[in-house]
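Trainee: take this sequence and fold it.
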Amino acid sequence: MKKLLLSLCAAMFLFAGCSSNETQKENEGRKVLKVGMECNYAPFNWTDPEANEFNVSLSSGGYADGYDVAIAKRIADSLDMDLEIVKMEWDALTTSVNSGIIDLIIAGMTDTPERRMEIDFTDSYYQSDMTIIVRSDSPYANATKLSDFSGAKIAGQMGTLYDTVIDQIPGVEHATAMETYPLLVQALLSGVVDGVTAETPVGQGNVAANGTALTLIEFAPGNGFDVDLTDTSVSIGIKKDSELFDDVQKALAEITQEERVQLMKDAASRQPANEE
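Mentor: Take a look at the predicted model:
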């Protein structure tokens, strides 16, 4: 009986080992889609300290969440690939996709002629307007047009449209650009600046996350920033002539406009107050 039990145990162990090996082989054979983003630009992307049903673990620690993560999940699922989010500085994204460190940039990046010289872009996956966030107790809280900000100290994010549009404000004090959006929000809350530029979803998310402390300015038609619609849309960046391009474009096209709007609303509703 003892020999029989030992034989049965051995057989079960062998079977379990085979099953485990097969699963391992399956996982090893599945390709990984590496997507780069700052994880510091809510509601497009941010870092969570703990896991939840929406976020994705980061090898550097913590978890990535946000609208960009939701889009990345949909793309990876459509390509039948495992998703890996790579957290990196904004300035490293383009060089990283060109060197193969990442496969895609899904980071709220605008398709510009300058960037297109280095990488390719898909169709846009979100489009919004440009506005300004101020403190609720600010004398600028009731502004309705750009000229209302004459004399105000306004800051934007370094290397983005957020910084360049500031000069459209007559008589503005153009503050030094900052590297990350949380730094901008921190500067605004502490009174270092009077306002910070933002795309509408970024503004809505930060206002919602900070209770009644902040207000989003709604400009009357024709009284806000003059920007090309392509300047306020974001696209997926990819290495030139990548074999993935057509499949990524197709996967993106499968996400309806209604789904995109809902994904952004959901992301804005759960973003943290401030990541730095």
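
Trainee: from here on, contacts and neighbour counts on C-alpha atoms
Mentor: OK.

Trainee: tell me which helix or strand K73 sits in.
Mentor: helix 67-78 (DSSP states H and E).

Trainee: same deal with D123?
Mentor: Per DSSP H and E: D123 is located in strand 120-127.

Trainee: which helices and strands does that strand pack with?
Mentor: Applying 3 or more C-alpha pairs under 8 Å, 6 or more residues apart in numbering; DSSP states H and E, we find strand 120-127 packed against strand 233-238, helix 245-253.

Trainee: make it 10 Å
Mentor: The contact analysis (3 or more C-alpha pairs under 10 Å, 6 or more residues apart in numbering; DSSP states H and E) places strand 120-127 against helix 67-78, helix 200-209, strand 233-238, helix 245-253, helix 257-270.

Trainee: kindly reformat the ones you listed as a markdown table containing mean pLDDT.
Mentor: Converted to a markdown table, the helices and strands packed on strand 120-127 look like this (pLDDT from 0 to 100):
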| stretch | mean pLDDT |
| --- | --- |
| helix 67-78 | 98 |
| helix 200-209 | 87 |
| strand 233-238 | 95 |
| helix 245-253 | 97 |
| helix 257-270 | 92 |
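
Trainee: pick the most deeply packed of these.
Mentor: strand 233-238 (a mean of 24; mean count of other C-alpha atoms under 10 Å).

Trainee: direction included, what does it pair against?
Mentor: strand 104-105 (antiparallel), strand 120-127 (antiparallel) (DSSP bridges).

Trainee: could I get the CA-only coordinates of it as PDB?
Mentor: The C-alpha trace of strand 233-238 is given here as PDB (Å, rounded to 0.1, in the frame of the first residue of the first chain):
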ATOM      1  CA  SER A 233      -5.200  66.100 -29.000                       C
ATOM      2  CA  VAL A 234      -2.900  63.300 -27.900                       C
ATOM      3  CA  SER A 235      -1.600  60.400 -29.900                       C
ATOM      4  CA  ILE A 236       0.500  57.200 -29.400                       C
ATOM      5  CA  GLY A 237       4.100  57.600 -30.200                       C
ATOM      6  CA  ILE A 238       6.000  54.700 -31.900                       C
END
